[in-house]
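Colleague: heads up, no residue letters with this:
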């Protein structure tokens, strides 16, 4: 084996030269030498692992070169801190970005394997709950494709988002053990293991200059062990990194307890410690659950900061350039504890004075807000902080005191303003407002859509905006077209590329060229064939797994997302009952057939959301088995929603339900995925729907309902949902049918509270107020669906005008306007970019 010096880096080479060593050889050797299998004994799982290891090996050199060149050039880096990374399956995405997809498919065919079957073996890397985690995954892809020096940090949860089963219509949560057999994509980095402290007490002493100093003593420590997942850019040599932390005990085994016969106590510390990285979002309805969740947040930011500082010190002996070389992006408030943690490190370990440390900290952090719901803005008990992180509580109090001094200098004795802006919420059980901490400790605060940002500035954080308006900015979310069009919808991708070329894969604005073909009959025929292929694939899946026959000519009307009342799956459900009533009243009428498709998970402790899932199943059981309805209407719930399932559903969809109450959805990215795949949107003026409408034209969407200001005005002026209920016969009949136990004769009364909360409980999310407008928009959509040429034209225009909604555009804005970071072209081993 020879060593070859490439500048300052050393790489090894042998007969396995990538120019001559084929992927076929690599797969065969991985199967034999790593998995110890031959063609006779190898399972499909073995083959998946051999292929994945071979593809990962192809990334390794770029991965090493990327990190080496970042070090050598002392580039500024961005670190994306997120509790969630909903990565999905990695094999297909890696093959797409590396340009190996067709080669691999052909090689595997020669070997007697089917690539799609192998990809289907992979378990989704479900380290996220929904849009927050999927956005983080899209951003990683875009940062690598744009050749930005970027690093993701999160937690290596042993169990990801729970696996959802449905039993008698009820959601049942099961563990999602995605790591049961390990992952071929990750590489353990034991050399990057850090000690994380919890509990203990703080000792105050005088330093050598007589100034007060602090020492955190008597802590109970945990080890954070690094696991790396390579993130390849598309069609370049950049391979960035996602580093996930696993919790390990400092001492796995208490031998003395074992010898005394206390076998449980012997391993108690190991189990308690490793719970930290055991499960994504433990139920925090209990004190123990809250403590574990705060532990998770501190655990991953402390490990990440230690790692970032270790990396910074490779090229720097002091912290004067720390903020110039590092930007830490907080993906919502979950990582906000990083602000006092960096202060602790700078003050207590690096002995930097407060003012200098605070200046470094504020210039380092940027904060993305993802919610306007007050209940979703994290608030932690001061008592819990005192117990778990006593030094950080001291630092937070000092940050708050100094910040409020600044407020008083401007607003004097405006007590209410001071109370609202304080990081500490004064109440019987004092709370730490993590959003306030994130705003105070960051140089940038961004919303994720134009409307969302305006709501943050004017309703949620108006005091902070008026105090420091320059901090606030908007960065509309986006999605990666490489996964959500090229990989998820190869049939439509081929139609597009044959007409306008492949430029759209890295510049989504190229899709604009499709506009000139929106009236071309031959092109529309090809477009429709791609849609029909995707619908046929989904029909096969449904018939195979749910034994329900689907009309392929029906509107595939789809609402797939996390279940929450503001997302208004219940509005959709009530409208389905109204459709059912219309069919029953006039079964011979020529209705436009509809297949209503739902998918999504409800939080385990969210009773109302879980009741809506049960209602969907109860209604579906009745409608799907009513011979008078036939194939005019079907209602289907596809269980265990995931990235992979979305990749099957979205390309087959005709109509996308984006019907949240205006003013409640921060952005949404599902809406963009549907648009990019040619589905038309029925939706409210909420989140990114507004910007989608501005891009594609209102005439190419089905917009309905109250806008955000009208929702506020309705509640302010006294909203009476029972009035709408009494005045609209279709609404009343639908609600009454649900209340009558028609769909749940064997479980009477189980939906009474759902309906009563709408009629008599205030209807917080304005379902009744928007029902008539929603119903009319659905009638108009049905009418236009009959005119397939018109529908297809609108579908083409939706895709052609989706350019803005690439995560590449979003990340470019972050890089230019917040991070101030430049792309860095990685050279291959031959010195070529």
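Modeller: All right, it came through fine. Just so we're clear, the structure is a prediction, and the values are computed from it rather than from any experiment.
Colleague: show me where pLDDT drops low in the stretch 251-400 of the chain?
Modeller: 252-268 (pLDDT under 70).
Colleague: just the helices in it please.
Modeller: 255-259, 263-274, 287-312, 322-325, 338-344, 354-364, 382-388, 390-411 (DSSP state H, counting those that start in this stretch).
Colleague: out of the ones you listed, which is closest to residue 804?
Modeller: When the helices of the stretch 251-400 of the chain are compared for distance to residue 804 using C-beta to C-beta, the nearest one is helix 354-364, at 29.6 Å. (Each C-beta comes from the backbone N, C-alpha and C, glycine too.)
Colleague: return the residues in contact with the closest residue in space to residue 275 that isn't next to it in sequence.
Modeller: Distance criterion C-beta to C-beta, 6 or more residues apart in numbering; nearest residue to residue 275, sequence neighbours excluded, is residue 292 at 6.3 Å. By C-beta atoms under 8 Å, 6 or more residues apart in numbering, residue 292 lies in contact with 275-276, 282, 284.
Colleague: make TSV out of those residues and add distance to residue 658 and neighbour count.
Modeller: Output for these, formatted as TSV (distance: C-beta to C-beta, whole Å; neighbours: other C-beta atoms under 10 Å):
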residue	distance to residue 658	neighbour count
275	38	16
276	36	25
282	31	20
284	29	14
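Colleague: let me see the ranges of the strands in the stretch 601-750 of the chain.
Modeller: 633-637, 655-658, 680-683, 702-703 (DSSP state E, counting those that start in this stretch).
Colleague: just name the most buried of those strands.
Modeller: Greatest average neighbour count among the strands of the stretch 601-750 of the chain goes to strand 655-658 (a mean of 27), per mean count of other C-beta atoms under 10 Å.
Colleague: just list what that strand packs against, helices and strands only.
Modeller: Under the contact criterion of 3 or more C-beta pairs under 8 Å, 6 or more residues apart in numbering; DSSP states H and E, strand 655-658 touches strand 555-560, helix 670-676, strand 680-683.
Colleague: nearest to residue 205, of the ones you listed?
Modeller: In terms of C-beta to C-beta, the element of the helices and strands packed on strand 655-658 nearest to residue 205 is helix 670-676, at 54.3 Å.
Colleague: so for the closest one, mean pLDDT?
Modeller: Helix 670-676 comes out with an average pLDDT of 97.
Colleague: return the member of the contacts of residue 292 nearest to residue 175.
Modeller: residue 282 (12.3 Å).
Colleague: got TSV for the helices of the stretch 251-400 of the chain, with distance to residue 709 too?
Modeller: Shown next, in TSV, are the helices of the stretch 251-400 of the chain (distance: least, C-beta to C-beta, whole Å):
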stretch	distance to residue 709
helix 255-259	64
helix 263-274	49
helix 287-312	35
helix 322-325	39
helix 338-344	34
helix 354-364	34
helix 382-388	36
helix 390-411	27
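Colleague: so for residue 419, which of those helices sits nearest?
Modeller: Here helix 390-411 is closest among the helices of the stretch 251-400 of the chain (C-beta to C-beta), at 9.8 Å.
Colleague: any chance you could list what contacts that closest one?
Modeller: Contact with helix 390-411 is made by 199-202, 214, 216, 298, 337, 339-341, 343-344, 347-348, 354, 358, 382, 385-386, 417-418, 421-424, 432, 437, 440-441, 467, as judged by C-beta under 8 Å, 6+ apart.
Colleague: could you do stretch 596-604 as well?
Modeller: If you take C-beta under 8 Å, 6+ apart as the criterion, stretch 596-604 is touched by 129, 161-162, 164, 171, 173, 283, 556-563, 569, 572, 576, 609-610, 612-613, 616, 633-641, 645-646, 649, 653.
Colleague: between the two ends of that stretch, what distance do you get?
Modeller: End-to-end distance for stretch 596-604, by C-alpha to C-alpha, to the nearest Å: 24 Å.
Colleague: if you compare the helices of the stretch 251-400 of the chain, which one is most tucked away?
Modeller: helix 338-344 (a mean of 25).
Colleague: from the contact counts, what lies against that one?
Modeller: Looks like helix 338-344 contacts helix 287-312, helix 354-364, strand 365-368, helix 390-411, helix 434-440 (3+ C-beta pairs under 8 Å, 6+ apart).
Colleague: let's see it at 6 Å
Modeller: helix 287-312, helix 354-364, helix 390-411 (3 or more C-beta pairs under 6 Å, 6 or more residues apart in numbering; DSSP states H and E).
Colleague: CSV for the contacts of residue 292, including distance to residue 677?
Modeller: As requested, the contacts of residue 292 are arranged in CSV below (distance: C-beta to C-beta, whole Å):
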residue, distance to residue 677
275, 40
276, 39
282, 35
284, 36
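Colleague: of those, which is the nearest to residue 493?
Modeller: residue 282 (39.7 Å).
Colleague: where's that closest one relative to residue 162, distance?
Modeller: 11 Å (C-beta to C-beta, to the nearest Å).
Colleague: can you name the residues bridging to residue 634?
Modeller: Beta-bridge partners of residue 634, counted by DSSP bridges, are residue 595.
Colleague: quick one: it and residue 594 touch, right?
Modeller: No - contact criterion C-beta atoms under 6 Å: residue 634 and residue 594 do not qualify, at 7.5 Å.
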